[in-house]
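1. Give me a 3D structure for the following:
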Amino acid sequence: MDLRAPEFFINRQLSWLEFNQGVLDQAKDESVPLLERLKFLCIVSSNLDEFFEVRVAGLKQIVQAGSHDAGPDGMSATQQLSAISGRVRELVTEQYACWHRMILPQLTEKGVRFHHYPNVNPAVRDHFREYFERDPDLAPFAQSVPADGALLRVDAQQATEAEGVYAGGDVASMARFVTEAIGMGKRAALAIDRALSEKAVPVPVPEGAGENALRARLAGARLPGLGIDVQQLVPLDAIATFYYPQAPRAPEARLPVAERLGDAEVQLGLEIERALAEARRCFSCGTCISCDNCFHYCPDLAIRRLPDGGYEVDGNYCKGCGICVRECPTGSMEMIEEVK
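-> From the prediction side, this is the model:
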C-alpha cells in the first residue's frame with residue numbers, strides 16, 4: 001500500500017470549507033440561542049472573507065505563475081479553484097436560506113426588525129438625510145473654542161484648545177455615527193480622568209518601537225510585557241460581552257433618616273447574596289478564566305492546553321484569523337504583529 005497515494009489525502013482548502021459548514025450548522029441548530037445562531041452566521045461570512053483574501057488569493061497567484069503542479073491530494077491549483085467555487089456556492093446558498101427562512105423570521109417574532117432604506121417613507125428618508133448631513137451650530141462656542149470650519153478643533157484625546165473643554169460627536173467629526181461619538185466620549189472621559197487625578201504618567205516606549213504608533217495603540221489596547229499593568233488597559237470592546245447576561249447593579253442600602261444619629265453608618269454593606277450577585281457581574285478583565293473558548297473556536301487547532309493550566313498557540317498552524325481573540329470573554333488575549 002502506497003501511503004502517498006492521493007486518495008489518502010484530503011484537500012486542505014476543501015477541508016477548511018467543511019469546517020465552515022460546521023459553523024453554519026451551529027447557526028441552523030434550533031437548540032442554540034437565537035442571537036448565538038446569528039453570531040455563528042456572521043462568523044461564516046467573516047471566515048469566507050479571510051478564506052478568499054488569503055487562501056484563494058494564494059491559489060490564484062500559483063495559477064498566474066503558470067504552475068500546474070499537483071499537491072499530495074492530486075489536485076492542481078486550477079482544480080482546487082474549480083472545486084472551491086462549487087462548494088462555496090452551495091455553502092452561501094445554504095447560509096442565505098438559513099438567514100431568510102430561519103433566523104430573520106424568528107428575530108422578527110422577537111421584535112427585531114430590519115428596515116431597508118429605499119423602502120422607508122419618503123418623509124422619513126428626508127428627515128434622516130437632513131439630520132445626518134446638517135452641520136452643527138457652533139455659534140455658542142464662537143468666542144471661546146477655536147474651530148476649523150464646521151468642526152471644533154480637537155486633539156487625539158478630544159481636548160479643544162480651550163483649557164478644560166473637550167468635544168466629540170458631530171461638533172468634532174464628520175463621521176456621523178453613534179459608535180464614533182461613543183468612542184470620542186470614552187477617549188475624552190479617560191483624558192478628563194487623567195487630568196483630574198493627575199495620573200498622566202509618560203508611557204514607556206521600548207527600544208525600536210515606533211513611538212507614535214505605540215502611543216496610539218495605548219489609547220485602546222493592551223501591551224503586556226512592556227512594564228504596563230495589563231488589567232488597566234483592557235478596553236470594553238476587547239471583551240466578548242455577549243457571554244454575560246445583563247444584570248442590574250445591587251441597589252444601595254441606606255440607613256433610614258430617623259436612624260442616622262450618632263456614629264452609625266449611613267451607607268450599609270451588601271448582604272452575602274447581593275455581594276455574590278455583584279461579584280458575578282465582573283468581567284475579569286484581562287484575566288484568563290480557562291473557559292476553553294479559544295481552544296474550541298480555533299479553526300486550525302492551533303490552540304493547545306498546557307498540562308499545568310493555561311494555553312499556548314502553535315505558530316505552525318495559526319494563520320492569525322483572530323477568532324480566539326474575538327471569542328475571549330475576558331479580553332485576556334491580544335493579536336500582536338510578529339516583527340522579524
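
2. Now do the strands in the stretch 201-340 of the chain.
-> 253-254, 267-268, 303-305, 311-313 (DSSP state E, counting those that start in this stretch).

3. Now the element after the helix ranked longest in the chain, going C-ward?
-> For the chain, the helix that runs over the most residues, judged by DSSP state H, is helix 77-98. Later in the chain than helix 77-98, the nearest helix or strand by DSSP states H and E is helix 104-109.

4. residues making contact with that following helix?
-> Outside of helix 104-109, the residues within contact range by CB atoms under 8 Å, 6 or more residues apart in numbering are L34, L38, R113, F114. C-beta here means a position set from N, CA and C on the backbone, and glycine is covered the same way.

5. Quick one: mean pLDDT over the helix or strand just after that helix.
-> The helix or strand immediately downstream of helix 104-109 is helix 122-133, counting by DSSP H and E. Per-residue pLDDT over helix 122-133 has a mean of 82.

6. ok, and what's touching helix 122-133?
-> Contact with helix 122-133 is made by Y117, V120, R176, as judged by CB under 8 Å, 6+ apart.

7. For the second one, give its distance to R129.
-> With distances taken as CB to CB, to the nearest Å, V120 is found 11 Å from R129.

8. Same drill for these two, tell me which one is more crowded.
-> Using other CB atoms under 10 Å as the criterion, V120 and R129 rank with V120 on top: 13 against 10.

9. Now for that one: which residues touch it?
-> By CB under 8 Å, 6+ apart, the neighbours of V120 are F128.

10. how near is it to V171?
-> In this view, V120 and V171 are 27 Å apart by CB to CB.

11. what residue ranges in this protein score low on pLDDT?
-> For the chain, the stretches with pLDDT under 70 are 198-233, 260-264, 337-340.

12. Break it into its domains for me.
-> 6-109, 122-138+145-197, 234-251+270-340 (automatic domain parsing).

13. Mind exporting the C-alpha coordinates of stretch 77-92 to PDB?
-> This file holds the C-alpha atoms of stretch 77-92, laid out as PDB (Å, rounded to 0.1, in the frame of the first residue of the first chain):
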ATOM      1  CA  ALA A  77      -4.300  25.000  -8.200                       C
ATOM      2  CA  THR A  78      -6.800  25.300 -11.100                       C
ATOM      3  CA  GLN A  79      -8.700  22.200 -10.000                       C
ATOM      4  CA  GLN A  80      -8.800  23.400  -6.400                       C
ATOM      5  CA  LEU A  81     -10.300  26.800  -7.500                       C
ATOM      6  CA  SER A  82     -12.900  25.000  -9.500                       C
ATOM      7  CA  ALA A  83     -13.900  22.700  -6.600                       C
ATOM      8  CA  ILE A  84     -13.800  25.700  -4.200                       C
ATOM      9  CA  SER A  85     -16.200  27.700  -6.500                       C
ATOM     10  CA  GLY A  86     -18.800  24.900  -6.500                       C
ATOM     11  CA  ARG A  87     -18.600  24.200  -2.800                       C
ATOM     12  CA  VAL A  88     -18.700  27.900  -1.800                       C
ATOM     13  CA  ARG A  89     -21.800  28.500  -3.900                       C
ATOM     14  CA  GLU A  90     -23.600  25.600  -2.100                       C
ATOM     15  CA  LEU A  91     -22.400  27.000   1.300                       C
ATOM     16  CA  VAL A  92     -23.500  30.600   0.600                       C
END
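
14. ok, back up a step: next, format the domains of the chain as CSV and append distance to V257.
-> Formatted as CSV, the domains of the chain follow (distance: least, CB to CB, whole Å):
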stretch, distance to V257
domain 6-109, 45
domain 122-138+145-197, 32
domain 234-251+270-340, 17
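
15. Which of those sits closest to A258?
-> Set against A258 and scored by CB to CB, these come closest in domain 234-251+270-340, at 19.9 Å.
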